[in-house]
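# Structure, please.
(chains A and B)
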Amino acid sequence: MAHKAKPDRVDVCIIGAGASGATAGKVLTERGLRVVALERGPWRKRESFGGDELANVNRYNLWPDPLLNPRTFRESETEEPRVELFCPSPQMVGGATVHWQGWLLRLTENDFRLRTVVGDVPGTTLADWPITYADLEPYYTRVEWAFGVSGQGGANSFESPRTRDYPCPPMPMTRYAKKFHEGCRELGYNSFPTPMAALSRPYNGRPATVLSAFAQQHGDPTGTRSSALSVWVPDALATGRYDLRPDCYVHEVTVDEQGRCKSAVYQDADGDFVEQEADVFVFACGAIETARLLLLSRSGRFPNGLANGSDLVGRNLTLHEYSAAVGVFDDPVYAWAGGGYVAASSYQFYEHDDSRGFAGGCHVASAGVGIPLPINWSLPDRPAWGAEAKHMDRDFYNHSFAIGMVLHDMPLHSNRVELDDQVKDAWGLPAARITLLPHPNNQAMGRWVIDRNAEILQAAKAKKVYRVYPDRVTGNCSHQHSTTRMGNDPATSVLNKWCQAHEVDNLFVVDGGPFPTATGANPTLTIMANAWRVAEHIADGHKRPAGVGVGAHRNHTNKTESGR
Amino acid sequence: MTEERQGGIGSAAFFDAHQRQTVEAAMARIIPTDEQPGAREAGTGEFLDRYLSGVGFIYAKPDGSGFEKLEGKRAEAWQKRVDILRDKYVEGIKELDRLSREQFGSEFVQLTPEQQDHVLAGMEHPVRDSEAALEESRATAGFAPPAPALQQTSHEIHLEFFPLLALHTRQGFYADSIYGGNKDHVGWQLIGFDGPATLAETHSGRYTTRPYFADAEGTSRKGGDNGAQG
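Numbers count the residues shown, from 1 in each chain, chains lettered A, B, ... in the order given. This next block holds a predicted model:
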């Protein structure tokens, strides 16, 4: 392993080229800044994706291989951590948006002030956000229109005010979405077509999305789904200012004498070490990996990890355990049509309601049972083998779907990401060790919502209903948040409202890490909208007269000084 | 190896003749043949033998033109995984024969289907008395059938022999035919999955499930019934 010559210093170094990093890359380069994006994974082109369930769902074609990228998990500090594929997310250009089906839901106004709405929940670190829905609304709209999101404004009666409808009408209705609407209507619940990162019609020179069965957990060989890979990366490259370097794994970010970020030290595809300097560093690795990289970046100034004088980096980790009620129907629902996630949703249980006996609420939506493709479909009481298993496959595969929930995980000080002291990854760096014990509120919410989902299935005339209660955490969902919370008080948050570290003024985080709470909705639309907001702020601060220097972000609270 | 082994990309193998016969006999009990084809007709033994042959058949090329050549760390990780799985199979097959002799006085392949089921059931639910074993089964319960894999991938190197065999039988029955199983799409036809003719059909964007949406009832992608009415 050699050290290569230092490349030119640039305006901004973004670590990660997934949903958040690629959004920031697009916005910053379009504002004229020179950006180097360091992505640890490969840059796969659409020709490399296919309709192959075995490779994509079962053989880590897109998921991280746990033999190379292990994580460890334990519920409490007294427990021995075990290696698990916990809360994985694809590590490649485009990140998890490469293989998602893209449910792009907005948060509501109360998500930004949940602590105020709910009050104190003992044992949690529930907090209001330092920004409001109104702060983010313009950026929601920008992302929706850049992506060409297919949806129906106003159809969600719990939606907070929007300034503009969706650019594309909803996707065609699947049979499983139709049944969900029918069940909700029967019970008097509001339901709406799930807004999706897909094109129901040609848009911005792109053709309508191909409705394959191989979508959720599969890359898109047609390039017709909307993703960071198919939208943000081409936009950023078109500026000529986006230097995207795949297979470049950042081992640490160094600091200068003032304690500001100086360089990212990474190992490139040849195994050589390279040091990239920049004025500003944007962390966009996902909430778990960003926390890990900050903790890996130790120095005399930050012996416990970069920007971690507070010991808050990695704490308050929140996830979205995925669970569902499952219904079996007489008539076929073909839950694999469109990939299983061309869905219908409801926010009927989204807003907090004291009478339910738990804090918060969440989004529910129709979907296939897990990945409703032949290998991975199953039912909770299906035997592992034998004639009965075969008959259940034959009789119920086309006749079942699920109503899933996005469990709003409560934040706890003790739930956290640390560096594992035993397990290392294939590059010799300590794995992320997750310690997480869910708050009792999770179980109460999970049981209550799954019961409601089961009732919707019954109202839709399911002949059999299963309830899969999320009573324990398995890390079965990629959504991850809150490891670098934003807030106004440096004693309780890592970042300020601009997602800039309280302790390091040229360090920003734009993934789910800044979320003070998990919310009950799929996070990526909000992550991308927030990354856009933060990137604009960085660009505003960077356009200073020559000679003023690179400390462009110290006076961010007074934007009129930033010379935009 | 067996003389009827197909040529071309299907010629790689790991098992000796007895191992292959034993695995195929067990797979034939996991997805039995009745009035409709089972694991034997789908070629799940071929699927598994090819998988364990090395790292040459891990990922099909997405256009179906062959298999990816793995390199670097990815190849190392897969070689390690395949080595672990090979050991599990070699030991598991020995154990199957040991239990068969112990209970019925013959090797597994010599037993009647009912006797084979008895041996397999014993392997599925061995007497477990240690807390560690219980904890391990809890840890893997979310990743393997019968529990639905709600959003998660399987973690097969942590499985014991029997759940591993059941998983691979299912994979061989339902995976794209390029991997050596699901011959003539017998698995897909059983359950009514109207999948693509080949990987190339999906790769080129020709494959669509639009006829199976709510507003397209009564139509079919191929103009015929897909056998999904079971």
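# Run the contact check for stretch A:156-173 versus chain B.
Yes: residues of stretch A:156-173 contacting chain B under CB under 8 Å from any CB of the partner chain: A:172, A:173. Every residue, glycine included, has its C-beta placed from N, CA and C.
# Distance across that stretch, terminal residue to terminal residue?
Start-to-end span of stretch A:156-173 (CA to CA, to the nearest Å) is 16 Å.
# For the spatially closest residue to residue B:28 that is not a sequence neighbour, give me its contacts.
Once flanking residues are discounted, residue B:28 sits nearest to residue B:40: 4.7 Å by CB to CB, 6 or more residues apart in numbering or on different chains. Contact partners of residue B:40, counting by CB atoms under 8 Å, 6 or more residues apart in numbering or on different chains, are B:24, B:27, B:28, B:33.
# The residue of the stretch 51-200 of chain A found nearest chain B and residue A:84: what is the separation?
Going by CB to the nearest CB, chain B is nearest to residue A:51 of the stretch 51-200 of chain A, at 3.0 Å. Between residue A:51 and residue A:84 the distance is 28 Å, computed by CB to CB, to the nearest Å.
# Output stretch A:230-247 as PDB, nothing but the C-alphas.
The C-alpha trace of stretch A:230-247 is given here as PDB (Å, rounded to 0.1, in the frame of the first residue of the first chain):
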ATOM      1  CA  SER A 230     -30.400   8.000 -12.300                       C
ATOM      2  CA  VAL A 231     -31.100  11.700 -11.400                       C
ATOM      3  CA  TRP A 232     -28.700  13.400  -9.000                       C
ATOM      4  CA  VAL A 233     -25.500  11.900 -10.300                       C
ATOM      5  CA  PRO A 234     -26.100  12.700 -14.000                       C
ATOM      6  CA  ASP A 235     -27.200  16.200 -12.900                       C
ATOM      7  CA  ALA A 236     -24.000  16.700 -10.900                       C
ATOM      8  CA  LEU A 237     -21.800  15.300 -13.700                       C
ATOM      9  CA  ALA A 238     -23.300  17.600 -16.200                       C
ATOM     10  CA  THR A 239     -21.800  20.600 -14.400                       C
ATOM     11  CA  GLY A 240     -18.300  19.300 -15.000                       C
ATOM     12  CA  ARG A 241     -17.500  20.100 -11.400                       C
ATOM     13  CA  TYR A 242     -18.400  16.700  -9.800                       C
ATOM     14  CA  ASP A 243     -15.300  14.500  -9.400                       C
ATOM     15  CA  LEU A 244     -16.900  11.200  -8.400                       C
ATOM     16  CA  ARG A 245     -14.400   8.700  -7.200                       C
ATOM     17  CA  PRO A 246     -15.900   5.200  -6.600                       C
ATOM     18  CA  ASP A 247     -14.100   2.400  -4.700                       C
END
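# quick check: mean pLDDT across that stretch?
Stretch A:230-247 carries an average pLDDT of 98.
# And stretch A:260-279, by the same measure?
The pLDDT scores in stretch A:260-279 average 97.
# Near residue 23, how many other residues are there?
Going with chain A. Around residue A:23 there are 33 other residues, counting by other CB atoms under 10 Å in any protein chain shown.
# Sorry, I should have been clearer: chain B.
Close neighbours of residue B:23, defined as other CB under 10 Å, add up to 26.
# same thing with residue A:300?
Applying other CB under 10 Å, we find 8 residues neighbouring residue A:300.
# what about it, helix or strand, and which?
Under DSSP states H and E, no helix or strand contains residue A:300.
# ok, and the helix or strand in chain B with the lowest average confidence?
When the helices and strands of chain B are scored by mean pLDDT, DSSP states H and E, helix B:131-141 comes last with a mean of 41.
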